[in-house]
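Participant: need a 3D model of the sequence below.
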Amino acid sequence: MSHKITTMTGQFDAEFFDIDSKIVNDTFRIFVGKPAIIQPDSTYPVIFVLDGNAAFCSVLGTQRMLTQGGEVPSSFVVGIGYPGNTLMKSMSNRNRDYAPTEPGENEARALGGLVPAGGPAFLEFIRKELMPALAMHYPVEVTHTTVQGISLGGLFAAWVLLTQPATFQRYILGSPALWWREEQVWEWEQNFADANKDLNATVFLSAGALELAEHVRGDAVAIAEKNPELRDYIEEMIAWSDVHGWPEIAKLTEKFASRLQSRKYPSLQIHCHNMPDENHMSAAPAITSRGLRYVHGSWAAS
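Facilitator: From the prediction side, this is the model:
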């Protein structure tokens, strides 16, 4: 499998290539940030970034600073995204790829329409197509990996953790959409606990501390007022949530961490730290910084 690698000028010695997935039957754009110095005959960990079109540059910049400070090892940062000239167009398929199970009516409203449950195929793409392609082009260690997912990407990463946890060794779950299918996550968690005595992973969970019902509605109203192109969609979502309830992600992250801690898996390291004064849209940079430090052992909860 060959790929045309294109340099991203001015982007921290980064580049990208497109990969045609036979599993998903779509094309992905893979952004790659390389370590500042690559030693001969050495391999490096990989930090996988979901929503790569939006998050890659932010995560890469944070990782660079933390590496200079000695808190994160020199690594490849790999953003998984899509070709496209606009952010919305390039991200149009992420709802498909991050949905671990078929969405219901509530999920369809939140996503702006029904999507197939593409999560299983997307996971197979990562495992069977993307990881081998990276190993072919770069000195990466695909058994020494971190994945970061935010929102629906955080849900996908939580689902991977509870179904095929050995895919990654470290997980950063930011504002994960654990409300999915009336909190189906507890079914996945129970199934894993019934079948396993251990969970070998390091997990950081976080959300904005303002991701609670009393704040989320006000944020949605403000976004609708400031973004006319999204107004109809958001107002419909507000009307639905006023009747059926607002997700409280800041409570679900704490519950998720507590549930896994209660299992007392010998190899599991997990911590939840919600970000004060942050909301769903503003929390991600703080989650990246604290999450990378936690999963690499340079920050521990006091």
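
Participant: ok, longest strand in this protein?
Facilitator: strand 140-150 (DSSP state E).

Participant: average pLDDT across it?
Facilitator: Mean pLDDT, computed over strand 140-150, is 96.

Participant: touching it from outside, list them.
Facilitator: The contact list for strand 140-150 (CB atoms under 8 Å, 6 or more residues apart in numbering) reads 43-51, 55, 59, 75-76, 98, 131, 134-135, 155-158, 160, 167-176, 284, 287-288, 291-292, 295-296. Any C-beta I mention is one placed from the backbone N, CA and C, and that applies to glycine too.

Participant: 6 Å instead?
Facilitator: 43, 45-50, 76, 131, 134-135, 156-157, 168-172, 174-175, 284, 295 (CB atoms under 6 Å, 6 or more residues apart in numbering).

Participant: pull out the buried positions in that strand.
Facilitator: Neighbour-count burial for strand 140-150 flags 140, 142, 145-150 (criterion: 16 or more other CB atoms under 10 Å).

Participant: about what we covered before: drop anything exposed from the contacts of strand 140-150.
Facilitator: 43, 45-50, 76, 131, 134, 156-157, 168-172, 174-175, 284, 295.

Participant: pipe the buried residues of strand 140-150 into JSON lines and attach distance to Lys197 per row.
Facilitator: Below are the buried residues of strand 140-150 laid out as JSON lines (distance: CB to CB, whole Å):
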{"residue": "Val140", "distance to Lys197": "31"}
{"residue": "Val142", "distance to Lys197": "26"}
{"residue": "Thr145", "distance to Lys197": "23"}
{"residue": "Thr146", "distance to Lys197": "24"}
{"residue": "Val147", "distance to Lys197": "23"}
{"residue": "Gln148", "distance to Lys197": "27"}
{"residue": "Gly149", "distance to Lys197": "26"}
{"residue": "Ile150", "distance to Lys197": "31"}
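
Participant: which of the residues you listed sits closest to Lys251?
Facilitator: For these, the minimum distance to Lys251 (CB to CB) is 17.7 Å, reached by Ile150.

Participant: find the nearest non-adjacent residue to the closest one, please.
Facilitator: Closest residue in space to Ile150, ignoring its immediate chain neighbours: Gly174 at 4.1 Å, by CB to CB, 6 or more residues apart in numbering.

Participant: ok, the one you found touching Ile287?
Facilitator: Yes. With contact defined as CB atoms under 6 Å, Gly174 reaches Ile287; the gap is 4.0 Å.

Participant: common neighbours of these two, please.
Facilitator: Shared contacts of Gly174 and Ile287, counting by CB under 6 Å, 6+ apart, come down to Ser206.

Participant: residues near Asp41, how many?
Facilitator: Asp41 has 5 neighbours, counted by other CB atoms under 10 Å.

Participant: for it, which three-state class applies?
Facilitator: Following DSSP: H, G, I helix; E, B strand; the rest coil, Asp41 is assigned to coil.

Participant: which residue ranges of the stretch 1-150 of the chain form strands?
Facilitator: 6-8, 14-21, 26-33, 44-49, 76-81, 140-150 (DSSP state E, counting those that start in this stretch).

Participant: now the stretch 201-302 of the chain
Facilitator: 201-206, 268-272.

Participant: spatially central, which residue of this structure would that be?
Facilitator: Central residue of the chain (CA atoms, centre = their mean): Gly149, 0.7 Å from the mean position.

Participant: tell me who's in contact with the closest residue in space to that one that isn't next to it in sequence.
Facilitator: Of all residues not flanking Gly149 in the chain, Ala157 sits nearest, at 3.7 Å (CB to CB, 6+ apart). Taking CB under 6 Å, 6+ apart as the criterion, Ala157 is in contact with 147, 149, 171, 173.

Participant: burial count for the residue lying closest to Leu260 once chain neighbours are set aside?
Facilitator: Nearest residue to Leu260, sequence neighbours excluded (CB to CB, 6+ apart): Ile270, at 5.4 Å. Using other CB under 10 Å, Ile270 has 22 other residues around it.

Participant: and for Leu114?
Facilitator: Look at Leu114: counted by other CB under 10 Å, it has 14 neighbours.

Participant: now it, what are its backbone angles?
Facilitator: phi -70, psi 140 (degrees, to the nearest 10).
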